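> Sequence below, structure please.
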Amino acid sequence: MKKEQVVHCQFSVWYPLFRAVTIRSVILPLPDNVKEYLLDDGTLVVSGREDPPSHAEEGSDNAEEIQWSDDENTTTLKAPEFPEFTAKVQEAISSLGGSVFPKLNWSAPRDAYWIAMNSSLKCKALSDIFLLFKSSDFITRDLTQPFIHCTDDSPDPSLDYELVLRKWCELIPGAEFRCFVKENKLIGISQRDYTQYYDHISKQHEEICRSIQEFFKKHIQYKFLDEDFVFDVYRDSRGKIWLIDFNPFGEVTDSLLFTWEELTSGTNLKGDQGEGEATEQDSPVFRCTNSEVTVQPSPYLSYRLPKDFVDLSTGEDVHKLIDFLKLLSFSRTNRSGIGRWPSTWLLIQLRYWSVLVLWLKDHHNTMLALAWA
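Okay, here's the model as predicted:
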């Protein structure tokens with residue numbers, strides 16, 4: 001994967017070319033001071049409020065001022081304000097119907113949806129966007145390491161960061177698909193939400209594959225700036241295909257139900273075609289979760305776990321593993337003499353983790369699922 005390919009997948013690069021077949025969006029330049037704010041770990045207060053906090057009317061029961069501290073040296077932490085940028089964002093949100101899906105040049109804060117009050121990426125104000133962006137590792141990667149997996153040694157291209165606001169649409173996860181293109185040929189299609197089983201995908205996979213192929217040949221093939229790339233699509237209830245996004249053809253992009261070794265070498269791809277499916281030479285391989293037995297936990301769950309738990313479950317920190325086993329041994333030998341600790345709940349959790357640690361890397365996804373059981 002080359003740096004030029006990453007640049008070509010920026011939203012502002014491809015959106016003008018495919019505006020007619022994708023979701024309506026507004027692109028705003030990201031000011032340098034906003035970028036600094038997003039990267040500042042010390043600023044915890046979320047800025048970008050649309051309306052100032054309301055104050056109780058004088059004479060009301062709630063008008064009495066609450067004194068939180070007697071320390072005269074106590075300082076109030078205030079978030080920086082971006083009035084001009086805030087006004088532009090709010091104007092753009094209003095023009096898109098009042099609710100938007102935010103992202104930067106490449107990534108959306110999908111790993112941070114859990115922190116929002118609505119557990120969604122649906123945003124109605126800049127404060128909603130800032131909360132997601134400041135909580136997202138994906139956004140931080142966009143801002144700090146956009147070319148991390150590139151193999152060429154050329155200087156990093158200069159980038160102009162942008163805030164992308166997309167009109168909010170209620171997209172059904174079971175209707176999203178990721179498509180892999182090599183040398184301008186569609187070689188693979190994967191169910192996007194591969195952690196769940198969708199009966200309609202299994203039953204209609206030939207029709208879905210055919211409609212995506214037709215969309216690719218009519219709207220995408222030979223029109224994108226590279227010959228190797230990945231694109232995401234959505235198939236609505238009427239069977240119409242919509243373009244969602246472009247991604248680089250490389251390890252920075254999730255290969256879902258494929259492996260990058262398969263996609264780059266072509267190994268095992270031809271053998272996936274079953275009887276009754278299209279046998280044309282250029283027919284892509286279609287993969288979906290075809291049984292409820294293979295349902296897996298969401299890959300974004302790991303971003304909700306404390307880092308110590310993730311390190312423990314993946315075996316990346318042997319010292320944490322040793323400390324955990326010592327704690328487990330202590331709890332078993334001293335269960336009757338330590339009063340209220342550990343509680344029954346904690347003992348159950350410790351038993352969970354004792355099983356998880358034994359499985360470690362080979363069952364990482366299973367461990368994450370059990371941890372949240």
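
> Show the pLDDT at S94.
The score at S94 is 97. That number is its pLDDT.

> how about the strands of the stretch 51-200 of the chain, start to end?
100-103, 162-167, 176-182, 185-191 (DSSP state E, counting those that start in this stretch).

> Go through those strands and name the closest to V285.
Minimum separation from V285 across the strands of the stretch 51-200 of the chain (Cβ to Cβ) falls at strand 185-191, 4.9 Å. Using the backbone N, CA and C atoms, a C-beta is placed for each residue, glycine as well.

> Check which helices and strands that closest one sits against.
Applying 3 or more Cβ pairs under 8 Å, 6 or more residues apart in numbering; DSSP states H and E, one finds that strand 185-191 contacts strand 176-182, helix 199-215, helix 260-265, strand 285-287.

> Turn those into JSON lines, including mean neighbour count and distance to Y15.
Shown next, in JSON lines, are the helices and strands packed on strand 185-191 (neighbours: other Cβ atoms under 10 Å; distance: least, Cβ to Cβ, whole Å):
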{"stretch": "strand 176-182", "mean neighbour count": "23", "distance to Y15": "18"}
{"stretch": "helix 199-215", "mean neighbour count": "16", "distance to Y15": "17"}
{"stretch": "helix 260-265", "mean neighbour count": "15", "distance to Y15": "25"}
{"stretch": "strand 285-287", "mean neighbour count": "22", "distance to Y15": "27"}
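
> and of those, who's closest to I241?
Nearest to I241 among those is helix 199-215; the distance by Cβ to Cβ comes to 4.0 Å.

> Next, the angle strand 185-191 makes with the closest one.
Computed by axes from the mean of the first three to the mean of the last three Cα atoms, to 10 degrees, the angle separating helix 199-215 from strand 185-191 equals 160 degrees.

> Next, the buried residues of stretch 4-21.
Buried residues in stretch 4-21, counting neighbours by 16 or more other Cβ atoms under 10 Å, are found at 5-11, 14-15.

> can you count the residues close to the closest residue to V89 other than its chain neighbours?
Excluding the flanking residues, the one nearest V89 by Cβ to Cβ, 6 or more residues apart in numbering is L126, at 4.7 Å. When neighbours are defined as other Cβ atoms under 10 Å, L126 has 25 of them.

> so what's L126 scoring on pLDDT?
At L126, pLDDT is 95.

> tell me the contacts of K88?
Listed by Cβ atoms under 8 Å, 6 or more residues apart in numbering, the contact set of K88 reads L28.

> still on that earlier bit, okay if I get the buried residues of stretch 4-21 as TSV plus distance to S136?
Shown next, in TSV, are the buried residues of stretch 4-21 (distance: Cβ to Cβ, whole Å):
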residue	distance to S136
Q5	23
V6	18
V7	21
H8	23
C9	18
Q10	18
F11	16
W14	22
Y15	21
